[in-house]
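In: Dropping a prediction and its sequence here:
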Amino acid sequence: MKSVHQPTRECISCGEKFPKAELLRIVKNDSGIFLDTTGKQNGRGAYICKNPECAEKLVKQKRLNRAFKTAIDESVYRELLEMLHDGRTE
Ligand SMILES: [Zn+2]
């Protein structure tokens, strides 16, 4: 048991729980679906960890379709994958 208390979220690819700060947030709102680099965008959010395999799995298994309960275009996934690659090179 860890005594450190901080909010955790589940990675939608691997299902592991991580502190929010270690995850990337993908948000869906009226402007579309994109990587929320500020963490402050309004809309429905889904979290993914920074493991490259999780980014691949997200796209291959179309994990966001379930997370956002909607059919998401292939091109959106490709864009997200690019953003996720960028997001990891901090
Ligand atoms: Zn993961």
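Out: Received it, and whenever you're ready, just let me know what you need. The structure displayed is predicted, hence computed values, not measured ones. Residues are numbered from 1 along each chain as shown.
In: Quick one: check the worst-scoring helix or strand of the chain on mean pLDDT for contact with the ion.
Out: Using mean pLDDT, DSSP states H and E, helix 74-88 stands out as the lowest-scoring helix or strand of the chain, at a mean of 86. No. Helix 74-88 lies apart from the ion when judged by Cβ under 5 Å from the ion; the minimum separation is 11.0 Å. To be clear about C-beta, it is placed using only N, CA and C from the backbone, and glycine gets the same treatment.
In: what distance separates that helix from the centre of its chain?
Out: The chain centre lies 10 Å from the centre of helix 74-88; the measure is Cα atoms, centre = their mean, to the nearest Å.
In: same deal with stretch 5-12?
Out: For stretch 5-12, the distance between its averaged C-alpha position and the chain's averaged C-alpha position is 12 Å (Cα atoms, centre = their mean).
In: repeat for stretch 29-37
Out: Chain-centre distance of stretch 29-37: 11 Å, with Cα atoms, centre = their mean.
In: Do a quick rundown of the strands in this protein.
Out: Counting by DSSP state E, one finds strands in the chain at the ranges 8-10, 17-19, 24-29, 32-36, 44-48.
In: for the last one, packing partners?
Out: Looking back up the chat, that one is strand 44-48. strand 24-29, helix 52-60, helix 63-67 (3 or more Cβ pairs under 8 Å, 6 or more residues apart in numbering; DSSP states H and E).
In: ok, now with 7 Å
Out: strand 24-29, helix 52-60 (3 or more Cβ pairs under 7 Å, 6 or more residues apart in numbering; DSSP states H and E).
In: okay, the ones you listed, which one's buried deepest?
Out: Per-stretch averages of neighbours, counted by mean count of other Cβ atoms under 10 Å, single out strand 24-29 among the helices and strands packed on strand 44-48, with a mean of 20.
In: So is that one next to the ion?
Out: No. Taking Cβ under 5 Å from the ion as the criterion, strand 24-29 and the ion are apart, separated by no less than 9.8 Å.
In: what's the distance between that strand and the middle of its chain?
Out: So, by Cα atoms, centre = their mean, the centroid of strand 24-29 is 6 Å from its chain's centroid.
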